[in-house]
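> coordinates only, sequence not included:
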């Protein structure tokens with residue numbers, strides 16, 4: 001027998017040790033698997049089941065209706081209006097929130113005084129409760145709130161407005177509060193990406209006479225391509241899934257001006273007592289987000 005091969009008793013003992021280690025490792029992850037099964041997997045299975053029924057959340061007895069809920073969901077104009085509002089949130093966040101986050105990250109990444117403090121301050125909004133943020137901004141936008149008061153004080157009283165009570169400004173007003181809370185998350189991701197760019201590239205550019213704008217456009221932005229793709233997709237997913245601020249500030253009003261998919265799902269279940277339809281909306285929305293996640297993975301795999 002070759003010397004490189006272990007004797008049979010030693011091999012069996014090593015195999016038993018390896019099997020024991022795998023069993024112990026499995027025991028460590030069992031609590032997490034149990035929690036995932038109870039609070040994630042089981043609700044998903046029940047949601048799929050309810051989406052084919054006329055369940056109302058009160059009566060334990062329900063009838064199966066086949067694909068009727070899905071046909072209604074896909075032809076519901078109010079649902080697609082809510083999806084469109086989510087798209088507006090996503091577009092505004094992509095253009096304004098991520099641009100501001102990138103500029104803040106570039107500024108903090110430089111040798112600015114108090115850079116560490118800025119990193120903490122900018123990341124405070126994302127860790128706040130969305131409901132709390134919504135109520136604070138609702139107070140700011142109140143006709144007698146701080147925003148109109150400031151406009152009055154600086155001589156711009158003609159621009160005072162019922163910001164979340166008007167169909168002209170409600171959607172944008174809620175989007176501003178959402179972007180204020182979300183800019184810190186994009187800022188952290190951009191900052192992490194900036195810190196991964198070799199400083200030698202900037203030094204070589206300075207030797208060639210490049211100014212700040214040239215370095216930003218020809219080094220920073222191209223080097224952040226993958227990070228920017230990830231941030232954009234996460235921004236879209238977050239904007240489409242917004243709920244807390246809308247619920248706290250407008251409840252989808254005035255009318256359906258600020259209705260969003262998550263709020264429509266909530267309303268269908270707990271206001272209209274139609275858990276079957278709400279579940280169908282949830283599955284349709286989940287498939288949409290899943291497809292966007294696949295796009296994110298595909299884009300992140302592309303070579304720059």
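Here it is on my side, so go on. Predicted model only: the values in this text are computed from it and were never measured.
> make it CA atoms for all contacts and neighbour counts henceforth
Will do.
> Counting neighbours, what do you get for residue 150?
Other residues near residue 150 come to 13 when the count uses other C-alpha atoms under 10 Å.
> pLDDT value on it, please?
According to the prediction, residue 150 has pLDDT 93.
> ok, it - contacts?
For residue 150, the contact set (C-alpha atoms under 8 Å, 6 or more residues apart in numbering) is empty.
> any low-confidence regions in the chain?
For the chain, applying pLDDT under 70 flags the ranges 1-8, 10-11, 300, 302-304.
> Ramachandran coordinates for the spatially most central residue of it?
Nearest to the mean C-alpha position of the chain, by C-alpha atoms, centre = their mean, lies residue 238 at 2.3 Å. Phi and psi for residue 238, reported as degrees, to the nearest 10, are phi -70, psi -40.
> ok, now how distant is it from residue 126?
Going from residue 238 to residue 126 by C-alpha to C-alpha, to the nearest Å gives 12 Å.
> what's the answer for residue 92, then?
17 Å.
> Over to residue 226?
When residue 226 is compared with residue 126 (using C-alpha to C-alpha), they lie 22 Å apart.
> Please list all residues in contact with residue 93.
Neighbour list for residue 93: 175, 179, 235-236, 239 [criterion: C-alpha under 8 Å, 6+ apart].
> 10 Å instead, please
Counting by C-alpha atoms under 10 Å, 6 or more residues apart in numbering, residue 93 touches 87, 99-100, 175-176, 178-180, 182-183, 232, 235-236, 238-239.
> Tell me the one of those residues nearest residue 146?
Residue 146 lies nearest to residue 176 out of those, by C-alpha to C-alpha, at 15.4 Å.
> Any buried residues in the helix or strand the closest one falls within, and which?
Here residue 176 sits within helix 170-195, counting by DSSP states H and E. Of all the residues in helix 170-195, those buried under the rule 16 or more other C-alpha atoms under 10 Å are 170-191, 193-194.
> tell me the contacts of residue 214?
With C-alpha under 10 Å, 6+ apart, residue 214 has these contacts: 205-206, 220.
> quick check, residue 92 in a helix?
Yes. With DSSP: H, G, I helix; E, B strand; the rest coil as the criterion, residue 92 is part of a helix.
> Next, the contact list for the closest residue to it other than its chain neighbours, please.
In this structure, residue 92 finds its nearest non-sequential neighbour in residue 175, 7.4 Å apart by C-alpha to C-alpha, 6 or more residues apart in numbering. Residue 175 makes contact with 85-86, 88-93, 97, 169, 181, 239, 242, 245-246, 258, according to C-alpha under 10 Å, 6+ apart.
> quick one: which of those residues is most hemmed in?
residue 258 (29 neighbours).
> In contact with that residue: list those residues for me.
Per C-alpha under 10 Å, 6+ apart, neighbours of residue 258: 81-82, 84-86, 89, 164, 167, 169-175, 246-247, 249-252.
> if you set the cut-off to 7 Å instead, what comes out?
With contact set as C-alpha atoms under 7 Å, 6 or more residues apart in numbering, residue 258 has these partners: 85, 170-171, 252.
> does it sit in a helix, a strand or a coil?
Per three-state DSSP, residue 258 ends up coil.
> Residue 143 belongs to a strand, doesn't it?
No. Read with three-state DSSP, residue 143 is coil and lies in no strand.
> For the closest residue to it other than its chain neighbours, grab the count of nearby residues.
What sits nearest to residue 143 in space, not counting adjacent residues and going by C-alpha to C-alpha, 6+ apart, is residue 162, at 5.2 Å. When neighbours are counted by other C-alpha under 10 Å, residue 162 registers 17.
> Which member of the contacts of residue 258 is positioned nearest residue 212?
Nearest to residue 212 among these, with distances taken as C-alpha to C-alpha, is residue 171, at 36.0 Å.
> For residue 280, see how far away residue 57 is.
14 Å.
> And the two? Which one has more around it.
Applying other C-alpha under 10 Å to residue 57 and residue 280 shows that residue 280 carries more neighbours, namely 27 against 15.
> element containing the more buried one?
helix 275-301.
> by contact count, what packs against that helix?
Contacts defined by 3 or more C-alpha pairs under 7 Å, 6 or more residues apart in numbering; DSSP states H and E place helix 275-301 against helix 42-50, helix 68-74, helix 225-240, helix 261-270.
> Now distance to residue 108 too, for those, in TSV please.
Formatted as TSV, those follow (distance: least, C-alpha to C-alpha, whole Å):
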stretch	distance to residue 108
helix 42-50	42
helix 68-74	45
helix 225-240	17
helix 261-270	35
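> Can you check which of these gets nearest to residue 299?
helix 225-240 (7.0 Å).
> what packs against the following helix or strand past that closest one?
Downstream of helix 225-240, the first helix or strand assigned by DSSP H and E is helix 244-249. Helix 244-249 sits against helix 130-141, helix 170-195, with contacts defined as 3+ C-alpha pairs under 7 Å, 6+ apart.
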